[in-house]
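*Asks:* Give the three-dimensional model of this entry:
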Amino acid sequence: MKEYKLESFIYYSKLTFDPNHLLNSSTTEIQEKLNEYAKNGWRLVSTTTTNFGSAMYFYLYFERDATF
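*Replies:* Below is the predicted model of the structure:
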């Protein structure tokens, strides 16, 4: 049996000349979260991103074998 978890991040755009500022600001935080989940036996199985207005939403889907 599997156990599932969703982690979401929201980043807001700002006026800047750097077209990659959302990617640059989110990479460290998301990598830290991936490392944290991996230490607890979770596997990243899927990702999704979407944007709405000036915000970008990142969704990370994890699974692991259930322990009862």
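
*Asks:* CA atoms for contacts and neighbours, from now on please.
*Replies:* OK.

*Asks:* where do the helices sit along the protein?
*Replies:* 21-39 (DSSP state H).

*Asks:* Can you pull the poorly scored residue ranges out of it?
*Replies:* Across the chain, nothing is flagged by pLDDT under 70.

*Asks:* Show me the residue at the heart of it, geometrically.
*Replies:* The residue lying closest to the centre of the chain (Cα atoms, centre = their mean) is residue 60, at 4.4 Å.

*Asks:* Next up, the contacts around that residue.
*Replies:* 6, 7, 8, 44, 45, 46, 47, 48 (Cα atoms under 8 Å, 6 or more residues apart in numbering).

*Asks:* neighbours of the third one, just the number please.
*Replies:* If you count neighbours by other Cα atoms under 10 Å, residue 8 ends up with 13.

*Asks:* show me the contacts for it.
*Replies:* 57, 58, 59, 60.

*Asks:* picking that back up, look up which residues are beta-bridged to the residue nearest to the centre of the chain.
*Replies:* residue 7, residue 47 (DSSP bridges).

*Asks:* change the start of the numbering to 99 and stick with it
*Replies:* That works, and once the first residue is 99, the last one we named lands at residue 158.

*Asks:* For residue 129, state which of the contacts of residue 106 is nearest.
*Replies:* Closest approach to residue 129 among the contacts of residue 106 (Cα to Cα): residue 158, at 11.2 Å.

*Asks:* Residue 148 versus the closest one, what's the distance?
*Replies:* With distances taken as Cα to Cα, to the nearest Å, residue 158 is found 12 Å from residue 148.

*Asks:* ok so, going back, could the contacts of residue 158 be laid out in TSV, adding distance to residue 120?
*Replies:* Shown next, in TSV, are these (distance: Cα to Cα, whole Å):
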residue	distance to residue 120
104	21
105	18
106	15
142	21
143	23
144	20
145	16
146	15
